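Peer 1: let's see this in three dimensions:
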Amino acid sequence: MRLNVAVWAMLIVVAGIAPLEAQTAQDYERARMRMVSESIEKAGVTNPRVLEAMRSVPRHEFVPSTYRDKAYWDSAWPIGYKQTITWPSVVALMTQSLDPQPEDRVLEIGTGSGYQAAVLSQLVKQVYSIEIVKPLGQQAEKRLKRLGYQNVKVKVGDGYQGWPEFAPFDKIIVTCSPEKVPQPLIDQLAEGGRMIIPVGSRYDQEMCLLEKKNGKLVRKQLMPTYFVPMTGQSDKERTVKPDPLNPKIRNGGFEEREEDGQLAGWYNQRQVILVDKDAPEGRSCVRFDNEEPGRRSNALQAIGVDGRRIAALHFTFQYRTEHVVDGKEGFEKAGLQVTFDDARQFVGEEIAAHLVGSSPWQSIRATVAVPERARQAVVRIGLNGATGTLWIDDVKMTAERR
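Peer 2: Numbers count the residues shown, from 1 in each chain. You can find the predicted model right below:
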């Protein structure tokens, strides 16, 4: 499973779990229990079967050795071939949304490391998983067999074509983002079945839950998200193209919201509340609250930005603070932070605005230099591991050409 947060390296900022100093089986098990209690349950996962699966699957087996000491952080890490392993909290939330049942036959599109398939294998009768990147698919198949997940079948191919040989499927989970739901997957979903899929443009996507009723899909938007777009022809055929020479912030005034009240355009929202009073601009502002140093309280937005042509990003926003204190780690600072990458390889990060203490509403300006290698960025607002209360409104960004 692959979640492109675009900035795997910066995710240590918001993980909230210390790295392992040793790597014994007992260390990994303790870290796995801590991951579930400190990240997954707090993200809203309550299904006891899903929680038990997250406690049992050895995530450290699904990341490269370089990142094994960080395997149980609530973070994404590179797995090679410009792909990442998804945050465990997102894996758990997606799995819970599928409502997996013991007799289900599940199709997964985007095998990646095989981690999502391993979690599902604990919960359903059979998992059929497709990976478009041949080396990843081959590695995942060997890994799943070695670890004893006998009810997972993997093949390399175009996942958007589904797996007609084994259709229909009770559930389908898609872990890379198409612009719209592929028709073969609709056809291969059983009547009464569920599909969870991130849909949208390259940088602005919605996690959707689809249920097939009387041959038609009933759609429910779950949350904004940011997943790896399908590569190759599918990405080239998008009707909405990114514009990395004119990057913009969407919904920086927080007036636009999703069906369930979440912020539109911002993903990985943690401990954030829309406030409809006392906003310095417009109707709404956002409030971040956190009492535990290191715990995430933030919202992220991905943008395309071409560092060959864009020299800097200029930000302005309004903020108010109440008893804001830095977290225990040096990077746990409230405010606005930007991380840059090139093909999902980290190339730079900067804290654009560092906020502490208590203050009334006021405006702030900040500038971030764009590395020439950068092709995309993630803007993160919130407490970011600090404690206290932070209000933010009217976030604007302009780009300066080289």
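Peer 1: quick one: low-confidence residue ranges for the stretch 101-250 of the chain.
Peer 2: Scanning the stretch 101-250 of the chain for pLDDT under 70 picks out 227-241.
Peer 1: which residues of it fall in strands?
Peer 2: 105-109, 126-131, 152-156, 169-174, 189-200, 205-213, 216-225 (DSSP state E, counting those that start in this stretch).
Peer 1: given the fifth one, what are its sheet partners and their directions?
Peer 2: Pairing partners of strand 189-200, with direction, according to DSSP bridges: strand 169-174 (parallel), strand 205-213 (antiparallel).
Peer 1: winner for burial among those strands?
Peer 2: Among these, strand 169-174 has the highest mean neighbour count (mean count of other C-beta atoms under 10 Å), at a mean of 26. All C-beta spots, glycine's among them, are computed from the backbone N, C-alpha and C.
Peer 1: now render the strands of the stretch 101-250 of the chain as a markdown table, adding distance to Asn268.
Peer 2: Below are those laid out as a markdown table (distance: least, C-beta to C-beta, whole Å):
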| stretch | distance to Asn268 |
| --- | --- |
| strand 105-109 | 22 |
| strand 126-131 | 24 |
| strand 152-156 | 28 |
| strand 169-174 | 18 |
| strand 189-200 | 13 |
| strand 205-213 | 11 |
| strand 216-225 | 8 |
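Peer 1: which stretch among the ones you listed comes nearest Ala43?
Peer 2: Proximity to Ala43 (C-beta to C-beta) singles out strand 216-225 among the strands of the stretch 101-250 of the chain, at 10.7 Å.
Peer 1: packing partners for the closest one?
Peer 2: Contacts defined by 3 or more C-beta pairs under 8 Å, 6 or more residues apart in numbering; DSSP states H and E place strand 216-225 against strand 189-200, strand 205-213, strand 267-270.
Peer 1: helices or strands up against the shortest one?
Peer 2: What it means is strand 267-270. Using 3+ C-beta pairs under 8 Å, 6+ apart as the test, strand 267-270 ends up in contact with strand 216-225, strand 298-304.
Peer 1: neighbouring contacts of the longest one?
Peer 2: Outside of strand 216-225, the residues within contact range by C-beta atoms under 8 Å, 6 or more residues apart in numbering are 3, 90, 97, 177, 181, 186, 189, 195-196, 198, 204-212, 258-260, 262-269.
Peer 1: just the CA trace of that strand, in PDB.
Peer 2: Presented in PDB, the C-alpha positions along strand 216-225 are these (Å, rounded to 0.1, in the frame of the first residue of the first chain):
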ATOM      1  CA  LYS A 216     -25.100   1.300  -9.000                       C
ATOM      2  CA  LEU A 217     -22.500   2.900  -6.700                       C
ATOM      3  CA  VAL A 218     -23.600   4.900  -3.700                       C
ATOM      4  CA  ARG A 219     -20.700   7.300  -2.900                       C
ATOM      5  CA  LYS A 220     -19.700   8.700   0.500                       C
ATOM      6  CA  GLN A 221     -16.700  11.000   0.900                       C
ATOM      7  CA  LEU A 222     -14.700  10.000   3.900                       C
ATOM      8  CA  MET A 223     -11.800  12.500   4.100                       C
ATOM      9  CA  PRO A 224      -9.300  14.500   2.100                       C
ATOM     10  CA  THR A 225      -6.100  12.500   1.400                       C
END
